[in-house]
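Participant: Below is the structure, and that's it, no one-letter string:
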């Protein structure tokens, strides 16, 4: 992703999914400001950590970073993206604890965290979000990495199922 993307002040949607892109998300992404509503970078070969500057995209409604090679933990500030409706981070190499701040995303309708190395609890506040239809996480037996009372789909490393089918 070119550093110059951050200078596109009127950019509303950046859709670069399925382009075999490499590199990182540069911290200058926050330069687009509050006009960006959708950031779609799925199914590429992007890597590195998720920069905390992504949390400056205050009006972001859709964040699709799935199926890349992102590493490190989720920024704690992710919960400040109060307009976020869709958060898909599955099929990466993200690690660490699931941040409590996810519970502050009250507009969320879809959450995909599966097939990472995340661990801990999906915050109980996530389970109370009205309109949250799908929650996917690595919560399948026999050794779940994630505890999730309200997940609609639980996955082990390579299979995902409805938790009622265990």
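Facilitator: Thanks, I have it. This is a predicted model, so every value here is computed, not measured.

Participant: For the rest of this, base every contact and every neighbour count on C-alpha atoms.
Facilitator: OK.

Participant: Distance of residue 155 relative to residue 80?
Facilitator: Using C-alpha to C-alpha, to the nearest Å, we find residue 155 at a distance of 27 Å from residue 80.

Participant: how close does residue 38 sit to residue 18?
Facilitator: 15 Å.

Participant: Closest to the centroid, which residue in the protein?
Facilitator: Using C-alpha atoms, centre = their mean, the residue of the chain that lies closest to the mean C-alpha position is residue 89, 3.6 Å off.

Participant: just checking, that residue touches residue 65?
Facilitator: Yes: between residue 89 and residue 65 a contact is recorded at 5.2 Å, counting by C-alpha atoms under 8 Å.

Participant: shared neighbours, these two?
Facilitator: Listed as contacting both residue 89 and residue 65 by C-alpha atoms under 8 Å, 6 or more residues apart in numbering is no residue at all.

Participant: returning to what we had before: got phi/psi on the residue nearest to the centre of the chain?
Facilitator: Backbone geometry at residue 89, expressed as degrees, to the nearest 10, gives phi -120, psi 10.

Participant: per-residue confidence for residue 140?
Facilitator: On pLDDT, residue 140 comes in at 89.

Participant: before we move on, back to that, looking only at neighbour counts, state which of residue 155 and residue 80 leads.
Facilitator: Neighbour tally, residue 155 and residue 80, criterion other C-alpha atoms under 10 Å: the higher count belongs to residue 155, 23 against 16.

Participant: OK, contacts around the nearest residue to that one once chain neighbours are set aside?
Facilitator: The spatially closest residue to residue 155, leaving aside those adjacent along the chain, is residue 138, at 4.5 Å (C-alpha to C-alpha, 6 or more residues apart in numbering). Going by C-alpha under 8 Å, 6+ apart, residue 138 touches 113-116, 118, 144-146, 154-157.
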